[in-house]
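1. Need a 3D model of the sequence below.
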Amino acid sequence: MDYPFRPLAVLFPPVTPVSPQYLPTHRNDYVLMQAVAAHDSSACEAVARRLAVRLHRLCRLLVNNPADAEDASQSALLAVFDSAGRYEGRTPLEAWADRVCVRVALRAASRQRRLSLVPDLSDVQDARSAPSQVDFWSLVDRLDEPRRTTTLLRFGLGYSIDEIATEMETSPNTVKARLKTSLERLRGVVAAEAS
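-> Now for the predicted structure:
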């Protein structure tokens with residue numbers, strides 16, 4: 001028997017549901033980054049305006065030399081554009097761009113064999129309002145390179161132990177040991193200066 005119409009199941013096959021973990025939660029950011037991946041100039045300009053100052057500030061925290069920080073922030077913005085197609089929309093665009101920026105800045109610093117992570121607090125508005133942070137960062141300057149980096153990522157940027165281990169390509173136990181010795185050394189310096 002020939003039907004004069006096609007059954008609905010043929011016209012509209014059942015859609016398999018997508019797991020919620022694969023759905024972007026930041027839909028507008030996801031759409032914007034897909035436009036950047038497609039080389040839409042207005043989307044690129046919007047992302048640049050939104051992230052340029054933030055990435056530059058972050059690079060100034062990670063790279064003490066202003067010229068190197070400027071280069072690193074430009075490289076970080078280009079890296080954001082290059083990897084726009086990989087943004088999945090699960091986190092805010094700013095948090096995702098921060099991770100890209102940290103990777104670029106740490107790579108640039110290790111290539112130059114000089115990494116000074118004492119932030120120039122004149123560029124950071126939040127730090128101006130908290131004078132106790134100025135003392136903390138001047139003490140952090142006295143730490144050796146891997147401990148300064150670890151301390152900045154943990155206490156300055158709020159990274160977790162696992163995130164720091166991933167960024168620095170080391171084990172979480174190494175990160176914990178560096179943080180422990182950093183805090184012990186900082187406490188020792190504070191105790192010595194207090195007496």
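2. contacts and neighbour counts: CA atoms only from here.
-> Fine.
3. For this structure, which residues score under the pLDDT cut-off?
-> Along the chain, the parts satisfying pLDDT under 70 run over 1-25, 64, 110-135, 195.
4. rerun that using 90 as the cut-off
-> Residues of the chain meeting the criterion pLDDT under 90: 1-32, 41, 43-44, 56-72, 88-92, 95, 99, 101-160, 163-170, 182-195.
5. for the chain, what spans make up the helices?
-> Secondary structure of the chain (DSSP state H): helices located at 8-11, 27-37, 41-62, 66-82, 93-112, 125-128, 131-140, 145-151, 161-168, 172-194.
6. helices or strands next to the fifth one in the packing?
-> With contacts defined as 3 or more C-alpha pairs under 8 Å, 6 or more residues apart in numbering; DSSP states H and E, the secondary structure elements packing on helix 93-112 are helix 41-62, helix 66-82.
7. counting contacts, what elements does the last one pack onto?
-> Think helix 66-82. helix 27-37, helix 41-62, helix 93-112.
8. try 6 Å
-> helix 41-62, helix 93-112 (3 or more C-alpha pairs under 6 Å, 6 or more residues apart in numbering; DSSP states H and E).
9. Dump the helices and strands packed on helix 93-112 to JSON lines, plus mean neighbour count and distance to residue 35.
-> Below are the helices and strands packed on helix 93-112 laid out as JSON lines (neighbours: other C-alpha atoms under 10 Å; distance: least, C-alpha to C-alpha, whole Å):
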{"stretch": "helix 41-62", "mean neighbour count": "18", "distance to residue 35": "6"}
{"stretch": "helix 66-82", "mean neighbour count": "19", "distance to residue 35": "10"}
